[in-house]
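Enquirer: okay, structure incoming, though there's no sequence with it:
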């Protein structure tokens, strides 16, 4: 099943509740929430209070993407704030702390995700595949929306799909960065089943038609 996760980083923050409530009827499956700390990536976005507020009004599960340094420090708190899927970056801490963070998320009863930046090889995810409910392949450099899709990430995506089919077939494979109707097709063909769309979703004249095209 193909799923769409609109990134609210591209929503109208003055009317954030309106935009989030409109996602479900338009065919979205998750609300993608980008959390950036200004350290791991050169930008600051949403924090714990906003995630907690969003969780109270969202009709869809929250897919929270932590682009923060040493995410173990905050994993439990973001779970408590309402994240349904909590994804951290493999590059953000030591292997021991990465494993502990994934285990913490699962112990909280939430789905654990692991993200890889464009320069990180697929092999970096291998030690953690069986702990993950979602693997996220970045097809832009994390930190800012509106970047161009990096098609050269597709071999990595295909490799991860093969490994997941062998080791953890229920794990979802997500792509984030430059997703539109055309690049979504490329991602699906290479094994992705969850597609994050930011500006393409919120600028679409008809979000429901866009969702249908992404899932087609």
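Expert: Perfect, thanks for sending it. Given the structure is predicted, the values throughout are model-derived calculations rather than measurements. Residues are numbered from 1 along each chain as shown.
Enquirer: what pLDDT does residue 72 get?
Expert: Here, the pLDDT recorded for residue 72 equals 98.
Enquirer: next SSE downstream of the lowest-mean-pLDDT helix or strand in the chain?
Expert: Using mean pLDDT, DSSP states H and E, helix 199-202 stands out as the lowest-scoring helix or strand of the chain, at a mean of 94. Sequence-wise, the next helix or strand downstream of helix 199-202 (DSSP states H and E) is helix 207-215.
Enquirer: could you pull up the mean pLDDT of the helix or strand containing residue 53?
Expert: Here residue 53 sits within helix 48-57, counting by DSSP H and E. Across helix 48-57, pLDDT averages out at 97.
Enquirer: which parts of it are buried?
Expert: 50, 51, 54, 55 (16 or more other C-beta atoms under 10 Å). Glycine gets a C-beta too; all of them are placed from N, C-alpha and C.
Enquirer: want to throw those into TSV with distance to residue 187?
Expert: Formatted as TSV, those follow (distance: C-beta to C-beta, whole Å):
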residue	distance to residue 187
50	28
51	26
54	26
55	27
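Enquirer: and which of those is nearest residue 31?
Expert: residue 54 (6.9 Å; C-beta to C-beta).
Enquirer: now the closest residue to residue 191 other than its chain neighbours, what are its backbone angles?
Expert: The shortest distance from residue 191 to any non-neighbouring residue, by C-beta to C-beta, 6 or more residues apart in numbering, is to residue 161 (2.7 Å). Per-residue torsions, residue 161: phi -60, psi -40 (degrees, to the nearest 10).
Enquirer: which strand or helix spans the most centrally placed residue in the chain?
Expert: Compute the mean C-alpha point of the chain, and by C-alpha atoms, centre = their mean the closest residue is residue 65, 5.1 Å away. Using DSSP H and E, residue 65 sits within strand 62-67.
Enquirer: just the terminal-to-terminal distance for stretch 101-113.
Expert: 10 Å (C-alpha to C-alpha, to the nearest Å).
Enquirer: next: stretch 62-72.
Expert: 19 Å.
Enquirer: picking that back up, now the residue nearest to the centre of the chain: how far from residue 100?
Expert: 19 Å (C-beta to C-beta, to the nearest Å).
Enquirer: and residue 35, by the same measure?
Expert: 19 Å.
Enquirer: equivalent analysis for residue 205, please.
Expert: Taking C-beta to C-beta, one finds residue 205 at 45 Å from residue 100.
Enquirer: with neighbour numbers in mind, choose between those two.
Expert: A direct count of neighbours by other C-beta atoms under 10 Å for residue 205 and residue 100 places residue 100 higher, at 14 against 6.
Enquirer: was I right about the more buried one contacting residue 70?
Expert: No: the criterion here is C-beta atoms under 8 Å, and residue 100 misses it with residue 70 at 10.9 Å.
Enquirer: all helices for the chain, in order.
Expert: 16-21, 48-57, 75-81, 95-107, 154-167, 181-189, 199-202, 207-215 (DSSP state H).
Enquirer: pull out the buried residues from stretch 149-166.
Expert: Neighbour count says stretch 149-166 has 149, 150, 153, 154, 156, 157, 158, 159, 160, 161, 163, 164 buried, by 16+ other C-beta under 10 Å.
Enquirer: can you tell me how far the residue nearest to the second one when sequence neighbours are not counted is from residue 192?
Expert: It refers to residue 150. If the residues on either side of it in the chain are set aside, residue 150 comes closest to residue 139, at 4.7 Å by C-beta to C-beta, 6+ apart. When distance is defined by C-beta to C-beta, residue 139 is 10 Å away from residue 192.
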